[in-house]
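# The sequence isn't on hand, but the structure is:
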């Protein structure tokens, strides 16, 4: 079972849209998928059209009352289930504060289901609190949805620091699988430059970093109004607009992720090796054209990888119109 956390603490970058439609795309390709809604807003639950009765068990009951995943899960399709969330989940962090091993509640709960699902896709809360820590201890892989804009990049360093902290604190093998560009407009200079900067940042990672070997996925999720409309109808993009760019992109992303794997320590994926080959040797002078600009991207002064580097610290460091 591959457990993948879809994580970004900034809202409006395509996190829930990616979690839901990635899960749906994997299910369409024959995988057995559990979508786990860890966002107290319950947007993934709403996205798939699930309306919960008052007495329904949710992820809150898993964390606070020890309910099993099987007691909460609802089938969305014949190969996709969801463990739904409710606003009550916002209180789970407070109620867990005195519990022993509170960071591993989700990992313990998912353990018995390793043979029942091929994938667990976790839609994380847009925060870096205890619920997110649980997601990161339960998952081995992280996908970061990113809108190619300045403000969306600002929290990337802190997010990477969090993954590094979780791996160090809990001796886990957590790694960043990759960054997926959402709401992407291929014709813009800003978008292309942000992609290059993030690629350069990831390629320069040390082997000890959780993002060592991570890539910017080749599949980019194009800005598409159908992706924004689908949640209001309680449908995935494949049920709402199966011939749209959104459906095409998420199916391609699912197949790219399915073909990928987390690299072992000291190993680089091919895409990461290709990016690293663009960097000069450590002993060679750095060509200014290859260095992330501290003055920003393009004439408008957008973000660069330097901003993410500074936030992460070299020392060791929703969904709107998609």
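Received, thanks. This one's a predicted model, so the numbers in the text were calculated from it and none came from an experiment.
# When you work out contacts or count neighbours from here on, use the C-alpha atoms and nothing else.
OK.
# For residue 109, the count of nearby residues, please.
By the criterion of other Cα atoms under 10 Å, residue 109 has 17 neighbours.
# where does it land in three-state SS?
helix (DSSP: H, G, I helix; E, B strand; the rest coil).
# dump the residue contacts of it.
Residue 109 makes contact with 62, 68, 69, according to Cα atoms under 8 Å, 6 or more residues apart in numbering.
# what helix or strand does residue 82 sit in?
Using DSSP states H and E, residue 82 falls within strand 80-83.
# List only those of the contacts of residue 109 flagged as buried.
For the contacts of residue 109, a burial check counting by 16 or more other Cα atoms under 10 Å picks out 62, 68, 69.
# Tell me where the stretch 151-300 of the chain has strands.
175-181, 215-216 (DSSP state E, counting those that start in this stretch).
# Residues contacting the last one, please?
To tie it back to what came earlier, the one meant is strand 215-216. Taking Cα under 8 Å, 6+ apart as the rule, strand 215-216 contacts 177, 178, 179, 180, 181, 195, 198, 199, 202, 203, 271, 272.
# so what's residue 252 closest to, chain neighbours aside?
In space, and not counting its chain neighbours, residue 252 is closest to residue 219: 6.5 Å by Cα to Cα, 6 or more residues apart in numbering.
# Give the burial count for that neighbour, as a bare number.
19.
# What of the one 10 residues further on?
Residue 229 sits with 18 neighbouring residues when counted by other Cα under 10 Å.
# Against residue 123, how distant is it?
Using Cα to Cα, to the nearest Å, residue 229 is found at 19 Å from residue 123.
# Residue 18 now?
With Cα to Cα as the criterion, residue 18 and residue 123 are 9 Å apart.
# what's the answer for residue 257, then?
In terms of Cα to Cα, residue 257 sits 16 Å off from residue 123.
# Between these two, tell me which one has more neighbours.
Remark: of residue 257 and residue 123, residue 123 carries more neighbours, 27 against 18, as counted by other Cα under 10 Å.
# so what's that one up against?
Contact analysis of residue 123 by Cα under 8 Å, 6+ apart lists 5-7, 15-16, 19-20, 35-39, 44.
# now it, which residues is it bridged with?
Residue 123 has these beta-bridge partners by DSSP bridges: residue 6, residue 37.
# re earlier: export the contacts of residue 123 as TSV, with columns for neighbour count and pLDDT.
Shown next, in TSV, are the contacts of residue 123 (neighbours: other Cα atoms under 10 Å; pLDDT from 0 to 100):
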residue	neighbour count	pLDDT
5	27	96
6	26	97
7	27	94
15	28	94
16	29	95
19	25	97
20	28	97
35	28	97
36	26	97
37	26	96
38	29	95
39	25	92
44	32	96
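# mind checking how far the closest residue in space to residue 170 that isn't next to it in sequence is from residue 146?
Excluding the flanking residues, the one nearest residue 170 by Cα to Cα, 6+ apart is residue 137, at 7.5 Å. Residue 137 sits 22 Å away from residue 146, going by Cα to Cα.
# Ok, residue 71 next?
33 Å.
# more crowded one of those two?
More crowded of residue 71 and residue 146, by other Cα under 10 Å: residue 146, with 25 against 14.
# What is the neighbour count of the closest residue to the more buried one other than its chain neighbours?
Of all residues not flanking residue 146 in the chain, residue 181 sits nearest, at 5.0 Å (Cα to Cα, 6+ apart). Residue 181 has 24 neighbouring residues, counting by other Cα under 10 Å.
# Do you know the pLDDT at residue 181?
Residue 181 is assigned 95 on the pLDDT scale.
# Repeat that for the one 5 residues further on.
As summarised for this prediction, residue 186 has a pLDDT of 79.
# Quick one: neighbours of it, just the number.
The local packing of residue 186 (other Cα under 10 Å) involves 13 other residues.
# now do residue 188
So residue 188, with other Cα under 10 Å, has 9 neighbours.
# What of residue 122?
Neighbour number of residue 122 under other Cα under 10 Å is 31.
# No more questions from me, cheers.
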